[in-house]
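K.L.:
Starting from these lines, generate the structure:
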Amino acid sequence: MWAAPVALLAATAAACGSSNAPTSVPTTPASSAPAAPAATGSAATVTTTDGALGTFLASGDGRTLYLFEKDSGTTSSCSGACAVNWPPLLTKTAPQATGQAQAKMLGTAPRSDGTTQVTYAGHPLYLFVGDKAAGSTTGEGVNAFGGEWYVVSPSGDKIESAPASTSSGGGGGY
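P.N.:
Residues are numbered from 1 along each chain as shown. Prediction:
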């Protein structure tokens, strides 16, 4: 019963090859994890959504987009087991911007496997297999595969924490 999750954990840690192993590994076997978005004839879409972290970038289907601090410019440092857990946002044609995403900030970069990854403000963009619903941000601040992962704002900056509350809080409750 525990063999598959333990094997996945061991394989993921071994694939990392460093002491910076992921702090959180999905317990779902890799075979049932969503694969990297297929690069189809249509363009990838980058849009925005709102949640506890404010307004942030999302894929066309509403899944949260992340940047990886280990990346160097537009060159991805995430492949193998990393890309299984953090699938790159791929495209075959020029990506499109909607919502508050800015078209002038979109770009693409070649990956080592020959696919083309969408970039935003010079950052390669990724999804996270731990996000089970549109707008979920469970990958925010995770330190895995040798670097930290952050949700991306429409300005292209990483979001490091939830925005300050604008409510006064009211009532005591003591």
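
K.L.:
quick one: low-confidence parts of the protein?
P.N.:
1-41, 162-174 (pLDDT under 70).

K.L.:
quick one, strands of it?
P.N.:
Ranges of strands in the chain, per DSSP state E, are 45-51, 54-59, 66-68, 96-97, 106-110, 116-120, 123-124, 143-144, 147-152, 158-159.

K.L.:
Buried residues of the second one, list them for me.
P.N.:
In this case it means strand 54-59. 55-59 (16 or more other Cβ atoms under 10 Å). For the C-beta atoms, the positions are set from N, CA and C on the backbone; glycine is no exception.

K.L.:
I'd like to check what contacts it. Which residues are they?
P.N.:
37, 44-50, 64-65, 89, 99-101, 120, 125, 127, 134-135, 137, 151-154, 159, 162-163 (Cβ atoms under 8 Å, 6 or more residues apart in numbering).

K.L.:
Would you agree residue 82 is in contact with residue 147?
P.N.:
No. With contact defined as Cβ atoms under 8 Å, residue 82 does not reach residue 147; the gap is 9.6 Å.

K.L.:
more crowded one of the two?
P.N.:
residue 82 (23 against 17; other Cβ atoms under 10 Å).

K.L.:
Pull the contacting residues for residue 147.
P.N.:
20, 68-71, 77.

K.L.:
Quick check: it vs residue 90, distance?
P.N.:
20 Å (Cβ to Cβ, to the nearest Å).

K.L.:
and what of residue 46?
P.N.:
Taking Cβ to Cβ, one finds residue 46 at 12 Å from residue 90.

K.L.:
shared neighbours, the two?
P.N.:
With Cβ under 8 Å, 6+ apart as the test, residue 46 and residue 90 both reach residue 118.

K.L.:
quick one, which of these two is more surrounded?
P.N.:
The neighbour count for residue 46 versus residue 90, taken as other Cβ under 10 Å, is higher for residue 46 (28 against 20).

K.L.:
shouldn't residue 148 be in contact with residue 140?
P.N.:
No. Contact between residue 148 and residue 140 fails when scored by Cβ under 8 Å: they sit 9.6 Å apart.
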